[in-house]
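# Sequence and predicted structure are below.
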Amino acid sequence: MSPDTTGIRALRPDEVPLFVELRREALAEAPLAFAASPEDDRGLSAEFMRESLSDPDSAAVLGAFEGDRLVGIAGVGRLSKRKQRHRAIVWGMYVSPPARGRGLGLDLLQAAVNRARSWTGVLQVQLSVTDAAPEARRLYERAGFREWGVEPRSLGEEGQFVTERHLVLDLD
């Protein structure tokens, strides 16, 4: 891929360090947009992420690349319990500020939904978004997600709290 091209694809285990670097940026740049913090985020563990990427039939992290530079990420995972396997969750979606405004967020989201759709029996995709990320919420709603629940004061940091909104996209 040439440096002036952009592509969306699943990350490989050897690309985990790129993911960890961008994930650190996301948590620092938008602390109240993510439930995780740098101190407790499993996504910052290279070992955990390599293990997470080892089963492409139930989990993936999609990356938006500009040349060889990772500029956006979105995780998607199928719930593991037998009675919940009809559901997938999109998590950790983030596009670096210099790469925003070019449709990468929508491309990442569509790639995550398409991955979930490829898993036999998945009927819906869910995600959560806080009021600290209104642009993300608008993106999700434009993509067809609809709100099904609201959790007031879901996240708090240094005395500041945000509401979390739970959204779903029906695939059937």
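Structure received.
# For the helix or strand of the chain with the lowest mean pLDDT, output the C-alpha coordinates as PDB.
Here the helix or strand of the chain ranked lowest by mean pLDDT, DSSP states H and E is helix 46-52, holding a mean of 84. Provided in PDB are the C-alpha atoms of helix 46-52 (Å, rounded to 0.1, in the frame of the first residue of the first chain):
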ATOM      1  CA  ALA A  46       0.200  -6.800  24.000                       C
ATOM      2  CA  GLU A  47      -0.200 -10.400  25.300                       C
ATOM      3  CA  PHE A  48      -4.000  -9.900  25.800                       C
ATOM      4  CA  MET A  49      -4.400  -8.300  22.400                       C
ATOM      5  CA  ARG A  50      -2.500 -11.100  20.600                       C
ATOM      6  CA  GLU A  51      -4.700 -13.700  22.300                       C
ATOM      7  CA  SER A  52      -7.800 -11.700  21.400                       C
END
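# Next secondary structure after that helix?
Sequence order places strand 59-66 as the next helix or strand after helix 46-52, per DSSP states H and E.
# Give the next helix or strand downstream of that following strand.
Taking DSSP H and E, what comes next after strand 59-66 is strand 69-78.
# any idea of the angle that next one forms with strand 59-66?
Angle of strand 69-78 versus strand 59-66, following axes from the mean of the first three to the mean of the last three Cα atoms, to 10 degrees, is 160 degrees.
# Check the gap between Arg153 and Thr163 for me.
Counting by Cβ to Cβ, to the nearest Å, the separation of Arg153 from Thr163 is 7 Å. In short, each C-beta sits where N, CA and C put it, glycine included.
# Who has more neighbours out of those two?
Neighbours were counted for Arg153 and for Thr163 using other Cβ atoms under 10 Å; Thr163 has more, 14 against 9.
# Low-confidence ranges, the chain, go.
1-6 (pLDDT under 70).
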